[in-house]
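Asks: Need the 3D shape of this:
(2 chains)
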Amino acid sequence: MLDINLIRNHPEFVAGKLSHKGFEVDFTAFLEQDRQRRQLIKQTEDLKAEKNKTSALIPKMKKEGTDIASVLADMKKISDAVREGDEQLALLEQKQNSFLASLPNLPADDVPAGGKENNQVIKISGEKPSFSFSPRHHVDLVEATGLIDYARGAKLGGSGFWIYTGDGARLEWALLNFFIAEHLQDGYQMLLPPHILNYSCGYTAGQFPKFEEDVFQLKRDDKESFTHFILPTAETALVNLHRDEIIDTDRLPLKYFAFTPCYRKEAGSYRAEERGMIRGHQFNKIELFQYTEPDHSEAALEELVHKAANLVEKLGLHYRLSKLAAGDCSAFMRKTYDIEVWIPSMNDYKEVSSASSAGDYQARRGNIRYRDKVTGKPAFAHTLNASGLATSRIFPAIVEQYQQEDGSILIPEVLQPWMGGQRIINA
RNA sequence: GGAGAAGUAGCGAAGUGGCCGUAACGCGCCGCACUCGAAAUGCGGUUGUCCAGCAAUGGGCACGUGGGUUCGAAUCCCACCUUCUCCGCCA
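Replies: A predicted model of the protein is given here:
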């Protein structure tokens, strides 16, 4: 949610920033309606003030034995007028809110305008592995070594699901353990949230109402619309932790991380070159999250990016770090860095972590505040998130980048302690 | 799944149709006084949001949420949410 005052005072500025995301909007009609709405508020509130004044007099008049029949009749009229005004206002407000809720976040000043093609590569870490043999696709490798059972995964859940088996399950678990240990060491608090969330959670995160179709919806009994959904990322849970709260400023920044599977419908987005586990309906992810004061969010984003990149680096994987152009950021983010790991078989980099600052956009939607130390007044906090990390692309990257000529796979050193010292997955 | 109880400020809690929502009382917190200092005590302060206004200020709204009854609702009625207790079932 954007600050309505910013739109009132600088509509061209806001429209300009939004156009950097490829979102064209004209605020003229909106602002006119806003003026009308406020005028109506004034009118209705004046009526209410009159009503309150008279209402206070009635018991006194009663006591004095004054005939109040005419007063009561007047009150009835005022009440009706108030009700009519309130009804109109509710309608206007609903219209206004759904318009405001549909606006994306403004990109930060240092975010380049335009789409994907304007993403800026900031850093490339390591080098593309070169093989003295012809490297195999991770799907071939994991099936040959029995790490993943795609066929039975599809039997159980359908296409887009797989089963980690044997060393594959252990490798997956080792990754998660490695991430968790790192985040604990950095002072982040670990959470295991519910995987089923109510509608408000999706709204606060910015996913609803626009992306309702992307999640698995749960209908309750005979209800027509869905009230709950299965979370598409732990971010959706984490951003709602402090919804409708005023956070004790001394506790900021709040640093959390959570492990959850992520459940996504991703309807129609499956592509042939993404066979395997690049894009599934369920994947595991550790999500990092911070609540900060506005002054500290820039530094917090850098910290999150650094943490995520550090994990990939410690795994010894070749990756690149990019700052996304405005149009490639999520609608509700003001700035996003992507960490993409090299997948040899795809001859491409695939996202393993997206580190973003939402600024106060999510905080406005979820009414997440802290008390400003200078003014003593509540103010909107900033929220930031980063994957740390999603395993579904790290896993294939490890398998492909660490594959040996005989089809065996070396286990990255940092994971070995989490696999009982095992160093290699044999062909 | 069944039965019952409850939701009021940071916390506890009073209020059962108008004299009660900057909401009694208690705790906490902040300031001041007393003190060498502290404790104790005393005095004062301590919700959020919206509208108008440069401001001072004035006004509206909020007693879990949403409706309803009424001139008037924390209070009466309906639905929903959450929590607790008991019973049943259960990993």
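Asks: The closest residue in space to residue A:40 that isn't next to it in sequence: what's it in contact with?
Replies: If the residues on either side of it in the chain are set aside, residue A:40 comes closest to residue A:89, at 5.8 Å by C-beta to C-beta, 6 or more residues apart in numbering. C-betas here are computed from N, CA, C, even on glycine. Residues in contact with residue A:89 (C-beta atoms under 8 Å, 6 or more residues apart in numbering) are A:37, A:40-41, A:44.
Asks: Using neighbour counts, pick out the buried residues of stretch A:190-197.
Replies: A:191, A:193, A:197 (16 or more other C-beta atoms under 10 Å).
Asks: Relative to RNA strand B, which of those is nearest.
Replies: Closest approach to RNA strand B among those (C-beta to the nearest atom of the strand): residue A:197, at 11.3 Å.
Asks: sorry, back to before: list the backbone torsions phi and psi for the residue nearest to residue A:40.
Replies: phi -60, psi -40 (degrees, to the nearest 10).
Asks: Mind pulling up the pLDDT for it?
Replies: In this model, residue A:89 is scored at 90, pLDDT.
Asks: ok, and which of the contacts of residue A:89 reach RNA strand B?
Replies: residue A:41 (C-beta under 7 Å from any atom of the strand).
Asks: For the residue of chain A found nearest RNA strand B, which residues are in contact?
Replies: Closest contact between chain A and RNA strand B, by C-beta to the nearest atom of the strand, is at residue A:75 (3.0 Å). Residue A:75 makes contact with A:51, A:54-55, A:58 under the criterion C-beta under 8 Å, 6+ apart.
Asks: Could you list the low-pLDDT ranges of chain A?
Replies: Residues of chain A meeting the criterion pLDDT under 70: A:220-224, A:267-278.
Asks: ok, now how distant is residue A:117 from residue A:324?
Replies: 11 Å (C-beta to C-beta, to the nearest Å).
Asks: Neighbour count: those two, which is higher?
Replies: residue A:324 (23 against 9; other C-beta atoms under 10 Å).
Asks: May I ask you to confirm that that one is in contact with residue A:337?
Replies: Yes - with contact defined as C-beta atoms under 8 Å, residue A:324 counts as touching residue A:337 (7.1 Å).
Asks: Quick check: residues of the stretch 51-200 of chain A near RNA strand B?
Replies: Applying C-beta under 7 Å from any atom of the strand, one finds that the stretch 51-200 of chain A approaches RNA strand B through A:51-53, A:55-56, A:58-59, A:62, A:72, A:75-76, A:79, A:90.
Asks: thinking again about what came up before, inside strands: which ones of the contacts of residue A:75?
Replies: Mapping these onto strands (DSSP state E) picks out no residues; all lie outside.
Asks: Grab the nearest non-local neighbour of residue A:14.
Replies: Closest residue to residue A:14 apart from its sequence neighbours, by C-beta to C-beta, 6+ apart: residue A:7 at 5.2 Å.
Asks: buried residues in stretch A:114-122?
Replies: Those would be A:118-119, for stretch A:114-122 by 16+ other C-beta under 10 Å.
Asks: gap between the two ends of that stretch?
Replies: 17 Å (C-alpha to C-alpha, to the nearest Å).
Asks: thinking again about what came up before, can you list which of the contacts of residue A:89 are found in strands?
Replies: Going by DSSP E, the strands hold none of the contacts of residue A:89.
Asks: Could you turn the buried ones of the contacts of residue A:89 into a ChimeraX selection?
Replies: With 16+ other C-beta under 10 Å as the criterion, this ChimeraX line picks the buried residues out of the contacts of residue A:89:
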select /A:37,44
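Asks: I'd like the domain boundaries of chain A, if you could list them.
Replies: Listed domain ranges for chain A are A:26-102, A:116-425 (source: automatic domain parsing).
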